[in-house]
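[1] With the sequence up front, the predicted model follows.
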Amino acid sequence: MRKYLFLLSCVAASSPVVAQSYDPRAPRETVPYRICNGDEEADCRTEFGSRPIRPSTITITVTGTPIETEDTGQPVTIIPRDEIERVQGEDIARILQRAPGVTISRNGGVGSFTGVRVRGGEAEQLLVLVDGVRVGDPASPAGGFDFGNILPGTIAQIDLLRGSNSTVWGSDAVAGVLAVKTRSDSGINGSAEYGARDTLSANLSGSIESDDAFLSVAGGYYTSDGFSAAASGTESDGFEQFAVTARGRWFLSGTTELFASGRYAEGMLEIDGFPFPSFTLSDTLEYQETTQYSGAVGLLHDNGPLYLQATYSFADTERANFDPNFDTAPGFTSDGHSDRFEVKGEYRVIGPLLLNFGADAEWTSLETNFTPRQDTSIYGGYLQAGIEFGGLSGHVGLRHDEHDRYGGATSFGADVSYAIAGDLRLKASVGEGFKAPTLFQLYSDFGNELLVPEKSTSFDLGLAYKDRGAPFYAGVTFFRRDSEDLIQFVSCFGMVGGICTNRPFGTYDNVAQARAQGVEVEGGATLGDALQVRATYSYVDSEDRTTGNRLARRPRHAVNLSVDWDSAAGSGELLRPRFGADVRMVSDSFDDAFNSVRLDSYVVVDLRAEMPVADLGSDQPLVLFARVENLFDAQYQTAAGYAQAGRGVFGGVRFGF
């Protein structure tokens, strides 16, 4: 109760800035703005027209509606399209690890299962959205999203909230929220790349625009012979994927629009397994086919004081695993599906007061060749009050959800952001999260229908000077997250009766508690006109509170450093080379809950270069680029027994007109 009273007192002292909502007719993202004729607030007025702003200052992850990152006390990292292109390549892990608090584990090369852990949370405790659609797989054991199935070529922006926020987002937002926005470029943009391990990728995006409508389509293709996923193997395991995304808007008036989005991806991944009689990870002929499709359609109204959005969305993930040594038919198939309807909005009540609100209903289903169709539903709603004024802003909210299997869950959240001096801000937040038991955990052959939700409470306190889009920025954040009723697999070997009744091979139970705490430091500087340096450091102390052991695959230390030099900066010339380097240093960790299998520390260095060769009359000239990944051919593992890519050289072309 004391933590609630403390944050409530902070929020009660806060007040507003301007409404953070988009002008739907603007060709680029815009927000209403303040005009001041003096230094006092009384000399200012709000104009509900629009002016261009940097998209990298706007996020939806904290309130569910557009808001500038400086107006929230919650920790948010935004990675825009220009940074994605600067990193180069189709490995999303190389992009996500630029955010503080993020570590990656992967079972092989690009396309293999890729888990993203934020601040020591489980990979499945991160809520993932693509164009606002929840894309976790209800048919997977823990219901998470596999980042091996999304490539950066069709991504415009990534927003990462590093903290519990079930107050706005409901179930699954325990470790945070990651929102992907797909590309909706004006004109035509494309790229093609070829390199090591016979890897080829190509992306193309374009749009059709009028005064009343906008339609954009982006597509990408990737294929690679890869390398052996098993570190002990010699046979290459390849990956091939095709993906297409679309986003459209139809402006019914200056304040109202219809919108729709969709994504379709299908891929084939060669995998290694645990063959008889050794049952150790080694080369096999197994492969997995995955098809994902998702979409949304809705209505948005924004007249300045009131922002209102109603959306229907769906997502589906189908998987089929094959082993040609045994059968041409798949040995395992699964289909996870979700449908969701939600209404959310923001209302500027009067003066400094605002309300964020929302209600939603979600229906999920699971079906495998071993488990007949199972389904469940959850309904929820939230109300979040805010005060924003000058350099002080804050929000406090409450949410309640009802699950048709286990009952209700209530979540609280609050944050405050205060400008101490100029652009230096003190930020603090508290958030609660919960994760409903998955259909697999409830109803599979290993299921337990008595499970209750996992729960968490996270705290943040930090200082921030500007944001990542500024020439100079810096920040430090101290955090802690306590989790309880964590669901783990329980072995029933040699046990009878009780929870193991009719579950001879094991089951799931709420048996674990965990704590993760630490500090994140980040900063960037543009030195002169040409040199830009960025760095992040994360210290994460994670502990299984039941056993006292460190949590598996959670390194305590992670450093990411990037350096970019643009020879054309400040010269007014376009066609001059740019160079860059990325260094990733990760400390050792353990692969298992018993802390008996160690994963060694590693350092990976990448070099990048690009050369504009022609001005095509757009923001995107014709650019030749190249890079060397893992320059020193470091041999390391992020999951025991699974190899990671060695040195590789890649080159390509990027254009826009």
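    Received the coordinates, thanks.

[2] Show me which positions of stretch 484-498 end up buried.
    485, 486, 487, 490, 492 (16 or more other CB atoms under 10 Å). C-beta: built from backbone N, CA, C; applies to glycine.

[3] make that stretch 394-401, sorry
    Neighbour counts over stretch 394-401 (16+ other CB under 10 Å) mark 394, 395, 396, 397, 398, 399, 401 as buried.

[4] what do you get for stretch 327-339?
    For stretch 327-339, by 16+ other CB under 10 Å, it's 330, 333, 334, 335, 336, 337, 338.

[5] Quickly name whichever of these is closest to residue 594.
    residue 334 (29.0 Å; CB to CB).

[6] Can you give me the distance of that closest one to residue 285?
    Note on residue 334: its distance to residue 285, by CB to CB, to the nearest Å, is 21 Å.

[7] ok, now residue 584?
    On the measure of CB to CB, residue 584 and residue 285 end up 33 Å apart.

[8] With neighbour numbers in mind, choose between the two.
    Per other CB atoms under 10 Å, whichever of residue 584 and residue 285 has more neighbours is residue 584, with 21 against 15.

[9] For the closest residue to that one other than its chain neighbours, which three-state class applies?
    When the adjacent residues along the chain are set aside, residue 584 lies closest to residue 604, with 4.7 Å between them (CB to CB, 6 or more residues apart in numbering). Classification of residue 604 using DSSP: H, G, I helix; E, B strand; the rest coil returns strand.

[10] which residues of the stretch 501-650 of the chain score low on pLDDT?
    Under the criterion pLDDT under 70, the flagged ranges of the stretch 501-650 of the chain are 569-574, 616-620.

[11] show me where it has helices.
    Along the stretch 501-650 of the chain, no segments are classed as helices by DSSP state H, counting those that start in this stretch.

[12] With the chain instead?
    All helices of the chain, identified by DSSP state H, fall at 2-12, 81-87, 92-96, 166-169, 439-443.

[13] Quickly, which of the ones you listed bottoms out on average pLDDT?
    Mean pLDDT is lowest for helix 2-12 among the helices of the chain, at a mean of 37.

[14] could you measure residue 603 against residue 651, distance?
    24 Å.

[15] With residue 452 instead?
    53 Å.

[16] ditto for residue 268
    With CB to CB as the criterion, residue 268 and residue 651 are 25 Å apart.

[17] When the two are compared, which one has more neighbours?
    Applying other CB under 10 Å to residue 268 and residue 651 shows that residue 268 carries more neighbours, namely 17 against 14.

[18] That one and residue 291 touch, don't they?
    No - when contacts are counted by CB atoms under 8 Å, residue 268 is not listed as touching residue 291 (10.2 Å).

[19] mean confidence for stretch 468-482?
    95.

[20] Check stretch 298-317 too.
    pLDDT averaged over stretch 298-317 gives 95.

[21] tally of neighbours for residue 450?
    13.

[22] My error: substitute residue 652 in the last question.
    21.

[23] need the contact list for the closest residue to it other than its chain neighbours.
    Leaving aside its sequence neighbours, residue 652 sits nearest to residue 193 (CB to CB, 6+ apart; 3.1 Å). By CB atoms under 8 Å, 6 or more residues apart in numbering, the residues touching residue 193 are 88, 89, 90, 199, 200, 201, 202, 625, 650, 651, 652, 653.

[24] hey, what's the fifth one bridged with?
    With beta bridges defined as DSSP bridges, residue 200 has these partners: residue 194, residue 223.

[25] In this protein, which strand is the longest?
    strand 507-527 (DSSP state E).

[26] What residues of that one count as buried?
    Here strand 507-527 shows 507-510, 512-524, 526 as buried, counting by 16+ other CB under 10 Å.

[27] what do you get for stretch 628-639?
    For stretch 628-639, by 16+ other CB under 10 Å, it's 628, 629, 630, 631, 636, 637, 638, 639.

[28] Then stretch 347-358?
    Applying 16+ other CB under 10 Å to stretch 347-358 flags 348, 352, 354, 356, 357, 358 as buried.

[29] Distance from it to the middle of the chain?
    28 Å (CA atoms, centre = their mean, to the nearest Å).

[30] Ramachandran angles for residue 501?
    Main-chain dihedrals, residue 501, degrees, to the nearest 10: phi -60, psi 120.
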